[in-house]
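Q: how would this look folded up:
(chains A and B)
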Amino acid sequence: GAVVSQHPSWVICKSGTSVKIECRSLDFQATTMFWYRQFPKQSLMLMATSNEGSKATYEQGVEKDKFLINHASLTLSTLTVTSAHPEDSSFYICSASELGQRIQYFGAGTRLSVL
Amino acid sequence: AQSVTQPDIHITVSEGASLELRCNYSYGATPYLFWYVQSPGQGLQLLLKYFSGDTLVQGIKGFEAEFKRSQSSFNLRKPSVHWSDAAEYFCAVGDTGNQFYFGTGTSLTVIP
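A: Got it, this is the predicted structure:
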């Protein structure tokens, strides 16, 4: 149980284009989803927290107009990187938790490469 | 402020040897503590967690961790390491809002 699917696992795009990453909870209702960014050999940096049906809460320094997060259902959240630039290249990981549960279950991550 | 410290950036052990990964946290209330493992290019897999009760918790893959409130520590242990245990290990503390604070990770290398 508690499986989180993240898609795509790897994406390459041209500078200036937008990329959407999906995060799905397969066997539980994810009332809260989290989006992280991880640089090579570093820890996870929380970008934003989203609750189903509400606007995401972004961490300080994260551009909400650049990283659009939607959590329209209890099983799906999406992160859209708009007008991507090479500095946005990174490993993005989502996680999900169920109401009242204090565990986050993580997706396998998405490697974004912006050319 | 909440924080997690993993003092060891990189550890190398021989296969079959015992392992201990250190984790210290700073948190004002009763912490929710976690250990996750990450293989290269992958997401994080939950190894074990501590919420309350018995301070020695058992996890998957033969791992265990001990919560020591007096030392603000939650060290991860395994009596006999396997080559497949080579990975990055993250300690995390969760707050009441379910936000996690991660340590910087410990990279484990296992030599035959």
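Q: ok, now which residue in chain A is the farthest from the centroid?
A: Relative to the centre of chain A, the most outlying C-alpha is that of A:Gly100, 21.0 Å out, by CA atoms, centre = their mean.
Q: how close does that residue get to A:Gln42?
A: Computed as CB to CB, to the nearest Å, the A:Gly100 to A:Gln42 distance reads 31 Å. (C-beta placed from N, C-alpha, C; glycine too.)
Q: for chain B, which residue is closest to the average position?
A: Central residue of chain B (CA atoms, centre = their mean): B:Trp35, 3.7 Å from the mean position.
Q: Could you give the bridge partners of A:Ser73?
A: Taking DSSP bridges as the rule, A:Ser73 bridges to A:Leu76.
Q: List, one by one, the residues from chain B near chain A.
A: Residues of chain B lying close to chain A by CB under 8 Å from any CB of the partner chain are B:32, B:34, B:36, B:41-46, B:49, B:51, B:90, B:94, B:98-100, B:102-105, B:107.
Q: Distance from the chain centre to stretch B:43-59, please.
A: 9 Å (CA atoms, centre = their mean, to the nearest Å).
Q: Over to stretch B:82-97?
A: Its chain's C-alpha centre and that of stretch B:82-97 lie 4 Å apart, by CA atoms, centre = their mean.
Q: hmm, back to that, can you pull the contacts of the residue nearest to the centre of chain B?
A: Contacts for B:Trp35 (CB atoms under 8 Å, 6 or more residues apart in numbering or on different chains) come out as B:21, B:23, B:46-49, B:59, B:63, B:65, B:74, B:76, B:89-92.
Q: Among those residues, which lie within strands?
A: B:21, B:46-49, B:65, B:74, B:76, B:89-92 (DSSP state E).
Q: surely B:Gly103 meets B:Leu76?
A: No - using CB atoms under 8 Å, B:Gly103 is not in contact with B:Leu76, being 11.0 Å away.
Q: If you drop the residues flanking it in sequence, what lies closest to A:Thr80?
A: In this structure, A:Thr80 finds its nearest non-sequential neighbour in A:Leu68, 4.2 Å apart by CB to CB, 6 or more residues apart in numbering or on different chains.
Q: State the distance from that neighbour to chain B.
A: 21 Å (CB to the nearest CB, to the nearest Å).
Q: repeat for A:Phe91
A: Separation of A:Phe91 from chain B (CB to the nearest CB) stands at 8 Å.
Q: Give me the neighbour count for A:Lys39.
A: Small correction: residue A:39 is Phe, not Lys. 11 (other CB atoms under 10 Å in any protein chain shown).
Q: hmm, I was thinking of A:Ala108
A: 17.
Q: which ones are touching it?
A: Residues in contact with A:Ala108 (CB under 8 Å, 6+ apart) are A:5-6, A:9, B:42-43.
Q: Just the closest of these to A:Gly109, please.
A: B:Gly43 (4.8 Å; CB to CB).
Q: Verify the contact between B:Thr30 and B:Ser52 for me.
A: Yes - counting by CB under 8 Å, B:Thr30 touches B:Ser52, with 7.0 Å between them.
Q: In terms of neighbours, single out the busier of the two.
A: B:Thr30 (11 against 8).
Q: Can you give me the pLDDT of B:Gln2?
A: B:Gln2 carries a pLDDT value of 82.
Q: follow-up on the earlier one: host element of the residue nearest to A:Thr80?
A: Using DSSP states H and E, A:Leu68 sits in strand A:67-73.
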